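Enquirer: got a structure for you, letters missing:
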């Protein structure tokens, strides 16, 4: 476990000009209005985990539960579905949106949950979905993707390989690439994805009685962390201390913030598969470098132990889905200012793989 205090808080990366142009969206209003049109729309539960708070010696612990989101088992349901719906509404004009995208194909790379959202969103509006996954993605996720109507293609040993393959397929076939990470020349689709993620953070702001003092956010390419951080800053300003938690094997955000510029992380494959991303999204990196107070890593062993501990309290997920909570469990209390008065917010971002 490593904790790194962000030296660029408020100012941002000194070499941010080298990143892709643009900023993330921080206003959830448009996304919430569009989401309200979805038949499966509805706020997810915010659990008051008082028993765990007592064990940790803090005042309160609230867990935003994204396992129930839209029947897709993950916060990712808010992302690609929102981006595809936004495109369908724009294309349909005054006509019905349901068939607006017939004949189009969306392609993406995923470690599981983003692909489910792409598949569900494409099907909802009459389009097709092709999802690329790496060899390390469990077959159970491939089966779930097929169950949502996606064509699944395995390509490469890790996520970046599958992303490269999805990009090539989009260029070769004229398909719409819908990635949840941004880079030079590619920012609008991932911005639309992240705009959808703002919804869960906006819900939390309406569900808690008092602002949290600490927010722990798990991160892969950074989309969820950036959106939830943005929602927290909009609702509560500088009051919460925001801590971004990554796998020790893939500290892309921490490494970039430490270096002052985007760097590619190196490390073995992590059991936090959905977070095992070696390069951060440019837009999320720029935002979190300004708004996150601390970055930290957790090991695979620590994430597994935290997942088991949470299951014992009735919260079943995966090491990826509770990595932020693992950060809380492993945190150096003095370094992060945790004490008996602390009010902590964390997210359970996905359901267990055997759900």
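Expert: Done, it's in. On a predicted model such as this, the values are computed, not experimentally measured, just so you know.
Enquirer: ok, residue 141 - contacts?
Expert: Going by Cβ atoms under 8 Å, 6 or more residues apart in numbering, residue 141 touches 111-112, 115, 133, 353. Any C-beta I mention is one placed from the backbone N, CA and C, and that applies to glycine too.
Enquirer: Could you report the pLDDT at it?
Expert: Confidence at residue 141, expressed as pLDDT, is 84.
Enquirer: re earlier: quickly name whichever of the contacts of residue 141 is closest to residue 278.
Expert: Taking Cβ to Cβ as the measure, residue 111 is the one of the contacts of residue 141 closest to residue 278, at 12.1 Å.
Enquirer: ok, back up a step: for the contacts of residue 141, which entry has the maximal number of neighbours?
Expert: Counting neighbours by other Cβ atoms under 10 Å, residue 115 leads the contacts of residue 141 with 31 neighbours.
Enquirer: which residues does that one contact?
Expert: 108-109, 129, 131, 133, 141, 145, 150.
Enquirer: mind running it again at 6 Å?
Expert: 108, 131, 145 (Cβ atoms under 6 Å, 6 or more residues apart in numbering).
Enquirer: ok, and the closest non-adjacent residue to it?
Expert: Nearest non-adjacent residue to residue 115, counting by Cβ to Cβ, 6 or more residues apart in numbering: residue 131, 4.0 Å away.
Enquirer: Relative to residue 143, how far out is that neighbour?
Expert: 12 Å (Cβ to Cβ, to the nearest Å).
Enquirer: ok, back up a step: would you check that the residue nearest to residue 115 makes contact with residue 147?
Expert: No - the pair residue 131 / residue 147 is not scored as a contact, 11.9 Å apart, by Cβ atoms under 6 Å.
Enquirer: The stretch 101-250 of the chain: strands as residue ranges?
Expert: 105-109, 128-133, 151-154, 176-177, 214-218, 241-247 (DSSP state E, counting those that start in this stretch).
Enquirer: that older thread, neighbour count winner among residue 131 and residue 147?
Expert: residue 131 (29 against 10).
Enquirer: Tell me what that one is bridged to.
Expert: residue 108, residue 152 (DSSP bridges).
Enquirer: Surely residue 243 and residue 295 touch.
Expert: No - using Cβ under 6 Å, residue 243 makes no contact with residue 295, being 7.4 Å away.
Enquirer: give me every residue that touches the nearest residue to residue 153 once chain neighbours are set aside.
Expert: Distances taken as Cβ to Cβ, 6+ apart put residue 132 closest to residue 153, at 5.0 Å, once the chain neighbours are dropped. Going by Cβ under 6 Å, 6+ apart, residue 132 touches 109, 153, 155, 162, 165-166.
Enquirer: ok now do residue 176, which residues does it touch?
Expert: Neighbouring residues of residue 176 by Cβ under 6 Å, 6+ apart: residue 106.
Enquirer: hmm, try it at 10 Å
Expert: 83-84, 87, 101, 104-108, 118, 122, 127, 170, 189 (Cβ atoms under 10 Å, 6 or more residues apart in numbering).
Enquirer: Please produce a markdown table containing the contacts of residue 115, extended by pLDDT and distance to residue 336.
Expert: Listed next are the contacts of residue 115 as a markdown table, based on pLDDT from 0 to 100; distance: Cβ to Cβ, whole Å:
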| residue | pLDDT | distance to residue 336 |
| --- | --- | --- |
| 108 | 96 | 35 |
| 131 | 97 | 37 |
| 145 | 92 | 37 |
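Enquirer: circling back: using CSV, lay out the strands of the stretch 101-250 of the chain together with distance to residue 40.
Expert: Shown next, in CSV, are the strands of the stretch 101-250 of the chain (distance: least, Cβ to Cβ, whole Å):
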stretch, distance to residue 40
strand 105-109, 19
strand 128-133, 18
strand 151-154, 23
strand 176-177, 23
strand 214-218, 24
strand 241-247, 29
